[in-house]
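A.B. asks: show me the folded form of this:
(one chain, ligands or ions: 1)
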Amino acid sequence: MTDAGDRVKVVTNDEAVEGVLMPSESGKVVVKLESGYNIGIDKKKVKEIKVLEKYKKSEPAKAKVEAKKGLPTIAILHTGGTIASKVDYRTGGVVARFSPEELLEMFPELKEIANIKSKLVFQMFSEDMEPEHWQILAKEVQKEVDNGVNGIIVTHGTDTMHYTSSALSFMLENIPIPVILVGAQRSSDRGSSDAYDNVVSAAQFILKSDFAGVAVCMHKNMEDSACLIHLGTKVRKLHSSRRDAFKSVNVLPIAEVAREGKITILNKNYPKKGNKKFNLLDKIEKKVSIVKIHPGFDYKLLEFYENNGYKGLIIEGTGLGHLQTAVLDKNTEHHKKILETVRRICSKIPVVMTSQTLFGRVEMNVYSTGRDLQNAGVISGEDMLPETAFVKLAWLLGNYPKEKARELIGKNLRGEISERTDIRSTL
Ligand code: GLU
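C.D. replies: Presented below is the predicted three-dimensional model:
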């Protein structure tokens, strides 16, 4: 009796092939060879399949860690993603599967520098996260703050980690401790994983700095030499696969954490520990969306939001914060309709302009297009990232009356708007 995952030797008249048995495909026995390649062998030709080693599902490790007196405590809240994934040798794919205990076993250093508490909050890829998951996570953070921990590491899939870091930044008003989100671009059971440095650097930063707020800790570059701490509202995933995919946009990162644990502050403008009152403001208005402008944009897309009960809209405009408004010839006649629709929607709900350039600031006074849009009621998103503006508007509309939300969207609350955009911040 063979099962997928077994190490086998498949014998035919012409050859004998060794490898890991994969789930069979119609009429074929599929074997993953040592080289990583799969080969399919016609079932009719197979004379014998010898099992060399049965597939063993690994038991989750149980790391019962004794609390050491005098050491600070860090809580690790797991949400899933690649950092908590391993290769499933049955299918060859990457699945979210690490238990918190297993993950802790992989970072033994953590136990030397802090007492670690570990909790599985979700086991999901971050593209599946909904605003409700941000709310659950924010409540978990609050519980740990009440428990008196010194800092929190949130392990998270990288795809939407910057949405979650923004959401937590707004929801956790005056959080008295550091909350550091950490992801990985290579699953944690691979030798090349970046998980180790990201997690340990986050812990070092928690223990050695006076930061109190929400940040992201990821690789500085392609090597494993250092990590960067990015403010939660100013960070974005800007590469699909590189380990340094996360960049601070329009500001310098808060700090660099070298491999040996040395912290260098790069930007002093970050929230610090103090004794302000911590407040959980975790409501979210879900009827908020982002619209990306492009040549050929159809005003009916805007009408969709108008007619479906949306309470706020972020426009990801071009350049300094533009969209097509000028009528020049018959191909541009519909631009009039676009501007009319924008004006009508602005009279009902807050509409905020951000830029798809990501770097730089929306400036709606420079060109007549921007002035027309301002006259129509579009609010400038300043140098906020579109994703941050989206989360902020959803959060404002969830927690404040509409007029207050309108007033606060252009004001800096959590470092999401910088007074002056740092020109050193480029890709
Ligand atoms: N797409 C998954 C996620 O965001 C896996 C990628 C990753 O963790 O980086 O959770």
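
A.B. asks: for the ligand, what is the nearest residue in the stretch 251-400 of the chain?
C.D. replies: Distances between the stretch 251-400 of the chain and the ligand by C-beta to the nearest ligand atom are smallest at E387, namely 14.0 Å. Any C-beta I mention is one placed from the backbone N, CA and C, and that applies to glycine too.

A.B. asks: give me the spatial nearest neighbour of G370, chain neighbours excluded.
C.D. replies: Closest residue in space to G370, ignoring its immediate chain neighbours: M364 at 3.3 Å, by C-beta to C-beta, 6 or more residues apart in numbering.

A.B. asks: pLDDT score for that neighbour?
C.D. replies: Listed pLDDT for M364 reads 92.

A.B. asks: now do the helices in the stretch 51-200 of the chain.
C.D. replies: 100-106, 108-113, 131-147, 161-171, 195-208 (DSSP state H, counting those that start in this stretch).

A.B. asks: again, but for the stretch 251-400 of the chain
C.D. replies: Going by DSSP H, counting those that start in this stretch, the stretch 251-400 of the chain shows helices at 299-307, 335-346, 368-376, 386-399.

A.B. asks: out of the ones you listed, deepest packed?
C.D. replies: Greatest average neighbour count among those goes to helix 386-399 (a mean of 25), per mean count of other C-beta atoms under 10 Å.

A.B. asks: which secondary structure elements does that one contact?
C.D. replies: helix 161-171, strand 288-292, strand 312-317, strand 351-355, helix 402-409 (3 or more C-beta pairs under 8 Å, 6 or more residues apart in numbering; DSSP states H and E).

A.B. asks: in JSON lines, list those along with distance to V31 and mean pLDDT.
C.D. replies: Putting those into JSON lines (distance: least, C-beta to C-beta, whole Å; pLDDT from 0 to 100) gives the following:
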{"stretch": "helix 161-171", "distance to V31": "37", "mean pLDDT": "98"}
{"stretch": "strand 288-292", "distance to V31": "45", "mean pLDDT": "98"}
{"stretch": "strand 312-317", "distance to V31": "48", "mean pLDDT": "98"}
{"stretch": "strand 351-355", "distance to V31": "51", "mean pLDDT": "98"}
{"stretch": "helix 402-409", "distance to V31": "58", "mean pLDDT": "96"}
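
A.B. asks: contact partners for the residue nearest to F125 when sequence neighbours are not counted?
C.D. replies: Excluding the flanking residues, the one nearest F125 by C-beta to C-beta, 6+ apart is G157, at 5.0 Å. G157 sits next to 79-83, 96, 124-127, 129, 183 when contact means C-beta atoms under 8 Å, 6 or more residues apart in numbering.

A.B. asks: how close does G157 sit to K234?
C.D. replies: Applying C-beta to C-beta, to the nearest Å, the value for G157 to K234 is 20 Å.

A.B. asks: which among the contacts of G157 count as buried?
C.D. replies: 79-83, 96, 124-126, 129, 183 (16 or more other C-beta atoms under 10 Å).

A.B. asks: so where is this structure shaky, pLDDT-wise?
C.D. replies: 25, 36, 57-66, 87-98, 100, 103, 190-192, 427 (pLDDT under 70).

A.B. asks: the ligand contacts on that one?
C.D. replies: 81-82, 125-127, 157-159, 183, 185 (C-beta under 6 Å from any ligand atom).

A.B. asks: distance check, whatever residue of the stretch 101-250 of the chain ends up closest to the ligand against A84.
C.D. replies: Per C-beta to the nearest ligand atom, G157 is where the stretch 101-250 of the chain lies closest to the ligand, at 1.6 Å. Distance, G157 to A84, using C-beta to C-beta: 8 Å.

A.B. asks: and if you look at D6?
C.D. replies: 26 Å.

A.B. asks: these two: which is more packed in?
C.D. replies: A84 (29 against 19; other C-beta atoms under 10 Å).

A.B. asks: right, and the more buried one touches T155 too?
C.D. replies: Yes: with contact defined as C-beta atoms under 8 Å, A84 counts as touching T155 (5.8 Å).

A.B. asks: give me the three-state assignment for V20.
C.D. replies: strand (DSSP: H, G, I helix; E, B strand; the rest coil).

A.B. asks: surely it meets K9?
C.D. replies: No: the pair V20 / K9 is not scored as a contact, 11.3 Å apart, by C-beta under 8 Å.

A.B. asks: what about those two, which has more around it?
C.D. replies: V20 (21 against 14).

A.B. asks: and the nearest residue to the more buried one once chain neighbours are set aside, how far from the ligand?
C.D. replies: On the basis of C-beta to C-beta, 6+ apart, the spatially nearest residue to V20 that is not a chain neighbour turns out to be K32, at 4.4 Å. Counting by C-beta to the nearest ligand atom, to the nearest Å, the gap from K32 to the ligand is 22 Å.

A.B. asks: K32: neighbour count?
C.D. replies: 19.

A.B. asks: what's the answer for G309, then?
C.D. replies: 8.

A.B. asks: repeat that for the one 3 residues further on.
C.D. replies: As a burial measure, G312 scores 24 neighbours (other C-beta under 10 Å).

A.B. asks: can we start the residue count at 798 from this point?
C.D. replies: Sounds good: first residue 798 from here, last item G1109.

A.B. asks: my guess is it meets G1195, correct?
C.D. replies: No: counting by C-beta under 8 Å, G1109 does not reach G1195; the two are 10.1 Å apart.

A.B. asks: overlap of the contact sets of the two?
C.D. replies: In contact with both G1109 and G1195: E1082, using C-beta under 8 Å, 6+ apart.
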